[in-house]
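Q: return a 3D structure for these sequence lines:
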Amino acid sequence: MTASLDAPGRPASLWLDTLPASLRTRRPALSGDTRADVVVIGAGFTGLWTAYYLTELAPQTSVLVIEAEHVAYGASGRNGGWCTTEMPALLANLVQRYGPMDAMRFFRAGQRTLDEIERVLAAEDIDCGWRRDGSLYVARTPPQVARLRAWQDMRLKLGITDMTLLSAAETSERVGIAGALLSGFTPQCAAVQPAAIAAGLAQAVERRGVTVVEGTRAIELRPGVVVTDRGTIRARSVLCTTEAYTAGLPGHARRVLPVISRVLATEPLPEQRWREAGWRDRVTVADSRHQFAYFQRTADDRLLVGGRGSGYRTGSRPQAADRSGERVYARLRESLAESFPALADAPVSHRWSGAYGMHRDGEPGVVYDRDSGLGHAGGYGGEGIALSNLAGRTLAALVTGVKRPETRLFWTGHLSRRWEPEPLRTIGVRGVSALATAADRYEDRFRRTAPLAGAVMRTVL
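A: As a prediction, this is how the structure comes out:
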């Protein structure tokens, strides 16, 4: 194994730490003033997918992608490795705000996105350990059972029939998670090595003529111009795809909230340990708490667990550690032990954090103004591996003016209101997180729904 791509002193992401040598390309910084038809800021999933589809829709367009650190430095190399568009909370909000037809149109587009990602991975020969065994959403208390059944009822009313409810016995036959009362299985998820997708995409767009530069930080954006610490770029279109890192750009501090999420992974485990845990394939697993935990069996047979709390650092700084870190890691370890007792003593090799972007209304958005040439996409709320592909297709179509079904989805042109100024932002985010944690503790202890918790959290957005 070669050295990790993570910055010195930063907890190493499993994905960046184990990235194959063939994908560890380091690129030079911008070497002075330049021009391009389109400049994309951020070499994560959204920026690279946008560049990829620009080469398909307008092959003669010159595209320059700039990255402050290196490809996959942010959420693209630091997430939980679920490629899914299930979006249970978002789907319910879309039904309420836009009606069932628009909600369903977006949901179906998301489902087709998994096929599209799989197509590109095959076409570009990107090995990311793709395994489409689906997801299992597990309820372990009566309130969790009620929420799971309500989610299934909503899906059935919308005509979504691909989730199967499994009894406790049926759940155990699929995965031996302890204490399951009910679960819902959906085939719409793939387990992946996300940094390999981003790194492979970067090489793919370069083969198609896109220029990708690293170590080049944008410090000012305006129509037709990006000022960086390495030179000024002039372009017809300027696209911001920095997701949780958007707050670092002047004038954008309140547009996207960076939510810090944490993950840990064990050492590779022998097959006998997996048989003891009753885990035969790579179906992804999540519990149904408010502050839920999610699990993945990686391609190299590690157990990965993430979630169980969201962090925020005053001033919307996505890289900064917050005080909740050690508590969240402890809860993740507890979740591993209580959910898979046979693996409770598995040694942990990696633990890391990453930040995903949230808009104030909880909805993602893709925006492009043809007059100014300015555009942006993001706010995926933790579902960025799949939604970034759909966003990249949408943004590329808007820039090139090509009529595509993606541009008719609700998120085209969607502008969320901005987050509150500090210290209200910090107080609100940490308050909601504390309320969710308290509600989970109440439900775990008393086996009934926490008073007012659900109603309060539904009114936050």
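
Q: strands of the stretch 351-461 of the chain, start to end?
A: With DSSP state E, counting those that start in this stretch, the ranges of strands along the stretch 351-461 of the chain come out as 365-368, 374-378.

Q: with respect to burial, which of these scores highest?
A: Mean neighbours per residue, mean count of other C-beta atoms under 10 Å, is largest over those for strand 374-378, with a mean of 26. All C-beta atoms are positioned from the backbone trio N, CA, C, and that covers glycine.

Q: figure out how far it is from the centre of its chain.
A: Its chain's average C-alpha position is 17 Å from that of strand 374-378, according to C-alpha atoms, centre = their mean, to the nearest Å.

Q: same question, stretch 196-207
A: With C-alpha atoms, centre = their mean as the basis, stretch 196-207 stands 18 Å off its chain's centre.

Q: same thing with stretch 135-153?
A: Using C-alpha atoms, centre = their mean, the offset of stretch 135-153 from its chain centre is 22 Å.

Q: can I get the CA coordinates of that stretch in CSV?
A: Taking Å, rounded to 0.1, in the frame of the first residue of the first chain, the C-alpha atoms of stretch 135-153 are listed here in CSV:
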residue,chain,number,x,y,z
SER,A,135,-30.3,-2.2,1.2
LEU,A,136,-32.0,-3.5,4.3
TYR,A,137,-33.7,-0.9,6.6
VAL,A,138,-34.1,-2.5,10.1
ALA,A,139,-36.6,-1.6,12.8
ARG,A,140,-35.6,-2.7,16.3
THR,A,141,-38.2,-1.0,18.5
PRO,A,142,-42.0,-0.4,18.1
PRO,A,143,-41.5,3.3,17.2
GLN,A,144,-39.0,2.3,14.5
VAL,A,145,-41.5,-0.3,13.2
ALA,A,146,-44.2,2.3,13.0
ARG,A,147,-41.9,4.7,11.0
LEU,A,148,-40.9,1.8,8.6
ARG,A,149,-44.5,0.8,8.0
ALA,A,150,-45.4,4.5,7.4
TRP,A,151,-42.6,4.8,4.8
GLN,A,152,-43.8,1.6,3.1
ASP,A,153,-47.4,2.9,3.0
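
Q: pretty sure Arg262 contacts Glu326?
A: No. The pair Arg262 / Glu326 is not scored as a contact, 9.8 Å apart, by C-beta atoms under 8 Å.

Q: the two: who's more crowded?
A: The residue with more neighbours, out of Arg262 and Glu326, is Arg262; 27 against 10, by other C-beta atoms under 10 Å.

Q: and the strand or helix carrying that one, what does it pack onto?
A: Take DSSP states H and E as the rule and Arg262 turns out to sit in strand 257-266. Counting contacts by 3 or more C-beta pairs under 8 Å, 6 or more residues apart in numbering; DSSP states H and E, strand 257-266 is packed against strand 303-307, helix 325-339, strand 348-358, helix 424-446.

Q: report the buried residues of the following helix or strand past it.
A: Note on strand 257-266: by DSSP H and E, the next helix or strand toward the C-terminus is helix 271-276. Within helix 271-276, the residues that count as buried by 16 or more other C-beta atoms under 10 Å are 273-274.

Q: any idea of the mean pLDDT in helix 271-276?
A: In this model, helix 271-276 has a mean pLDDT of 96.

Q: partner strands of the helix or strand following it and their direction?
A: With elements assigned by DSSP H and E, the helix or strand that comes after helix 271-276 is strand 284-287. Counting by DSSP bridges, the strands paired with strand 284-287 are strand 135-139 (parallel), strand 293-297 (antiparallel).

Q: so how far is the last one from its chain's centroid?
A: The chain centre lies 14 Å from the centre of strand 293-297; the measure is C-alpha atoms, centre = their mean.

Q: what comes up buried for it?
A: The neighbour-count check on strand 293-297 (16+ other C-beta under 10 Å) flags 293-297 as buried.

Q: and if you look at stretch 124-139?
A: For stretch 124-139, the neighbour count (16+ other C-beta under 10 Å) marks 124, 126, 128-139 as buried.

Q: return the member of these nearest to Trp82.
A: Nearest to Trp82 out of the buried residues of stretch 124-139 is Ser135 (C-beta to C-beta; 7.3 Å).

Q: now the closest one: how far from Pro341?
A: Remark: distance between Ser135 and Pro341 (C-beta to C-beta, to the nearest Å) = 22 Å.

Q: do the same with Ile126
A: According to C-beta to C-beta, Ile126 stands 36 Å off from Pro341.

Q: same deal with Tyr329?
A: Here the criterion is C-beta to C-beta. By it, Tyr329 lies 19 Å from Pro341.

Q: do the same with Ile260
A: Ile260 sits at a distance of 29 Å from Pro341 (criterion: C-beta to C-beta).

Q: more neighbours: which of the two?
A: A side-by-side neighbour count of Ile260 and Pro341, using other C-beta under 10 Å, places Ile260 first with 23 against 15.

Q: per-residue pLDDT, that one?
A: Ile260 carries a pLDDT score of 92 in this model.

Q: related to what we said a few turns ago, ok, which of the helices and strands packed on strand 257-266 comes nearest Ala204?
A: The closest of those to Ala204 is strand 348-358. By C-beta to C-beta, the value is 23.1 Å.
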